[in-house]
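Chemist: the following block contains a protein sequence and its predicted model.
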Amino acid sequence: MTAKTKRVITAISFIVILSVVLLLSVAYIQYRDFKKTFLSKLSAQATSFIGQEVSVDDLSFSPAGAIALHNIIVHNPEGFTAGKLLTIEKLSLKMHYREILKKKL
């Protein structure tokens with residue numbers, strides 16, 4: 001392999017690695033924005049459903065198809081002292097894809 005070929009391979013490798021890092025960075029930023037928007041809408045939907053202010057602090061996804069909601073807080077209704085009516089540290093929701101595909105649910 002000549003020195004010129006090595007330089008070309010090095011330059012192409014650098015460009016590919018830089019592109020992958022840039023793509024992963026953009027994907028992560030989009031994921032964070034999606035998560036923030038989703039949590040805001042989820043909190044608003046829960047608030048309108050039960051009639052009390054609800055906030056969801058965080059959520060996480062697992063490769064096995066589970067979704068975990070973290071630090072769910074239902075605030076006291078009007079007329080009561082300010083504070084929390086209910087706090088749930090973690091709520092896990094797991095999908096059973098096999099049953100869905102077999103139409104057992």
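Modeler: The structure has been received and is ready for your questions.
Chemist: could you use CA atoms for every contact and neighbour count after this?
Modeler: Will do.
Chemist: can you pull out the helices in the protein?
Modeler: For the chain, the helices defined by DSSP state H occupy 3-50, 97-101.
Chemist: so how far is the helix or strand of the chain with the lowest mean pLDDT from its chain's centroid?
Modeler: Of the helices and strands making up the chain, the lowest-confidence element is helix 97-101, at a mean of 77, by mean pLDDT, DSSP states H and E. In this view, helix 97-101 has its centroid 23 Å away from the chain centroid, taken as Cα atoms, centre = their mean, to the nearest Å.
Chemist: returning to that earlier point: make CSV from the helices of the chain and add mean neighbour count and distance to F80 to it.
Modeler: Below are the helices of the chain laid out as CSV (neighbours: other Cα atoms under 10 Å; distance: least, Cα to Cα, whole Å):
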stretch, mean neighbour count, distance to F80
helix 3-50, 13, 16
helix 97-101, 10, 43
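Chemist: out of the ones you listed, flag the one nearest G83.
Modeler: With Cα to Cα, the closest approach to G83 among the helices of the chain belongs to helix 3-50: 15.5 Å.
Chemist: the closest one packs against which elements?
Modeler: If you count contacts as 3 or more Cα pairs under 8 Å, 6 or more residues apart in numbering; DSSP states H and E, helix 3-50 packs onto strand 54-61.
Chemist: on contacts alone, who are the packing partners of the strand it packs on?
Modeler: When contacts are defined as 3+ Cα pairs under 8 Å, 6+ apart, strand 54-61 sits against helix 3-50, strand 66-75.
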